[in-house]
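> Just to be clear, the model below is a prediction. Sequence and coordinates:
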Amino acid sequence: MTHYWYAVAAVFGLAAGSFLNVVVHRLPRGLSVVRPRSFCPRCRRPVSWRENVPVASWFALRARCAGCGARISARYPLVEAAGGALAVAASIRFGFTVDAAFAYAFLMALLAITLIDWDFRIIPDRISIPFIAAGLAWSFASPRLGFAESALGALAGGGGIFAIGEIYRLARKVEGMGGGDVKLMAMVGAFLGVRLVLPVVLIASLAGSIYGLALLRKGGGGKTAVAFGSFLAPAAAVCLFAGERLLSWYLGGF
Ligand SMILES: [Zn+2]
């Protein structure tokens, strides 16, 4: 019987992933995410429901617009598939509970932020600020996280990144981290609690450094701007699932 509910979660997640594609495309451009319905950016042909079935339509259309033949990026079906996979993962980890619904909303917000920061080097307040409030609200529904731990997490996450950014600015006279990263980490701290703030920042810094070094080896020049939010957000997703285990494994080493 539970298998049936996992299938429901997957279908819901695929649809949510499809909506996320719209959000990632329109929100940073200041466009409405509800109107008008999707259309081809080249020939403006509206996308019919048959051409808008998550993942399947991309294959059926062979990655091309039915009107003008413009290529449709593989990112669209990948984001839809990620939406489905994350819904199933959240159900496995948190069951079919209110807890899972909050966790899934958090994961989808992180996915949107990862893509938008990568594309535009911005983290929209319209995502991060409501989700700070959602994370604090979650602490009332969550059996694992108390309100104090959530509120402290928001303060430590936002405050920590703000402090690191100031040190960067003073020491190297460059803008290391923006206000978007501060609000993102306040949101992450509210959802994960104060204990997981440092693991998230460490994992993101490690991944960001490896990526930065790879860019340098390719000859990308000395000062390569890395969208840090695109590393913080996936690190937060990892810690939602594995953070406590990572923490006890690390602390157990002493
Ligand atoms: Zn077209």
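Structure received.
> and the gap between residue 4 and residue 100?
Per C-beta to C-beta, to the nearest Å, residue 4 is found 16 Å from residue 100. (Glycine included, C-beta is placed from N, CA and C.)
> neighbour-wise, which of the two wins?
residue 100 (18 against 8; other C-beta atoms under 10 Å).
> Now that one. Its backbone dihedrals?
phi -60, psi -40 (degrees, to the nearest 10).
> Quick check: residues of this structure near the ion?
Proximity of the chain to the ion, by C-beta under 5 Å from the ion, involves residues 40, 42, 43, 65, 67, 68, 70.
> how about a cut-off of 8 Å?
Applying C-beta under 8 Å from the ion, we find that the chain lies next to the ion at 40, 41, 42, 43, 44, 45, 65, 66, 67, 68, 69, 70.
> Just the ones in helices from these, please.
Applying DSSP state H to these, no entry is found in helices.
> after the helix or strand harbouring residue 151 comes which helix or strand?
In the assignment (DSSP states H and E), residue 151 maps to helix 147-172. Helices and strands here follow DSSP H and E; after helix 147-172, the next one along the chain is helix 179-192.
> Domain map for this protein?
1-96, 122-254 (automatic domain parsing).
> Pick out the residue of the stretch 151-254 of the chain closest to the ion.
residue 230 (28.8 Å; C-beta to the ion).
> Looks like that residue contacts residue 119 (just checking).
No - using C-beta atoms under 8 Å, residue 230 makes no contact with residue 119, being 9.2 Å away.
> And these two? Which one has more around it.
Each of residue 230 and residue 119 has its neighbours counted (other C-beta under 10 Å); residue 230 has more, 21 against 13.
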